[in-house]
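In: fold the following, please.
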Amino acid sequence: MRIAVYLPLLLSLIAPFGARPLAERCEPRLATWLLTTSALVLGTASTVSLGLLAVTGLIRVPLLATLGHWSAHTAQRSDPTELSVSLVAGLLLGGAVLMAARMLWRRARTLAAAAVEAACMPAEDGLVVVEDEAPDAFALPGLPGRVVVSTGMLRTLNESEHAILLAHERAHLKAHHYAFVALAQLGAAANPLLRPLAAGVTYTIERWADENAATATGDRTRVARAVGKAALAGHRAPARTRMSAALGIRGAKDALAGAGPVPRRVAALLAPPLGRHPVLAAATAAVVGAAAMSTAEAAHDLHVLLMTVGAW
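Out: I've put the predicted structure just below:
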């Protein structure tokens, strides 16, 4: 546990720097998988590491050591972790578990409510058109899911762009993008350092859906134009509390000069499709593998320590 237990925490500091390159340079579907897996594994590994560090402090408390038939004196000699470090780890562990549980509960309630709402919506081929002048379109998860489009959005886009909108939103449902977002946010809730990875997932799922729409229509430029029109319409519309914005756009109010999600998506559509970028994929796999292996090694070391202090 001398080094291995700290490695997931160190990797959590480094990993966010790779979120933007992955999202920008790697094929969106692969980028989504890599970012989601990284957030979930690193969030879990760092939480387990905090737990291991906290336990090494607990076995030094004479009363707890007596209850567990451990030697507190031997624990102090066998493990180099300072008691103060264990106490801080315990506090951080409590916060991580609380935030993750809170996020999981809220997400479960949201998805359950969405499923009930989708089941109550009469739809033709999964499409629900609502009378609303505000331009809006979103994918509503359920069994089955629904694509909800306002009449205001249908008027904003022309006939050819309607197909783009439907292809985009149906891609969200078919690929279960809500699950990727939920898992990435769960990892980030446990470890706030991983929030850039979760933010990257909310961007790459939109890029994934954009690419699906481009493949379905065969015209990347037209898809880029539709994304821009929907963003402009969403910018002018009043604030809403929908599950997703028009064409799945988030951050439509970002300035063009700020290279926000919408300009970046449009620029990506106007450029050739991205490849899998094996170097970035391999680096991400190495980080995830190192975090998992170091956590397993640290857990094994703690087991050996407990066996050692329990033998006295």
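In: Ala139 and Glu169 touch, don't they?
Out: Yes - under the criterion of CB atoms under 8 Å, Ala139 makes contact with Glu169 at 4.5 Å. C-betas here are computed from N, CA, C, even on glycine.
In: which residues touch stretch 8-22?
Out: The contact list for stretch 8-22 (CB atoms under 8 Å, 6 or more residues apart in numbering) reads 31, 34-35, 38, 42, 45-46, 48-50, 191, 193-197, 199-200, 204, 280, 283-284, 287, 290-291, 294-295.
In: do that again at 7 Å, thanks
Out: With contact meaning CB atoms under 7 Å, 6 or more residues apart in numbering, stretch 8-22 is reached by 31, 34-35, 38, 42, 45-46, 49, 191, 193-194, 196-197, 200, 280, 283-284, 287, 290-291, 294-295.
In: next: stretch 30-50.
Out: With CB under 7 Å, 6+ apart as the contact definition, stretch 30-50 has outside contacts at 5, 8-9, 11-12, 15, 19, 22-23, 89, 92-93, 96, 180, 183-184, 186-188, 190-191, 194, 197-198, 200-201, 204-205, 208, 276, 281, 284, 287-288, 291-292, 295, 298.
In: low pLDDT regions in the chain?
Out: Under the criterion pLDDT under 70, the flagged ranges of the chain are 1-2, 57-83, 234-260, 301-312.
In: spell out for me which residue occupies the centre of it.
Out: Ala184 (2.1 Å; CA atoms, centre = their mean).
In: could you flag which of the contacts of stretch 8-22 are buried?
Out: Using 16 or more other CB atoms under 10 Å as the burial test, the contacts of stretch 8-22 include 31, 34-35, 38, 42, 45-46, 49, 191, 193-194, 196-197, 200, 280, 284, 287, 290-291, 294-295 as buried.
In: buried among the contacts of stretch 30-50? Make that a ChimeraX selection.
Out: To isolate the buried subset of these in ChimeraX, counting by 16+ other CB under 10 Å, use the following:
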select :5,8,9,11,12,15,19,22,23,89,92,93,96,180,183,184,186,187,188,190,191,194,197,198,200,201,204,205,208,281,284,287,288,291,292,295,298
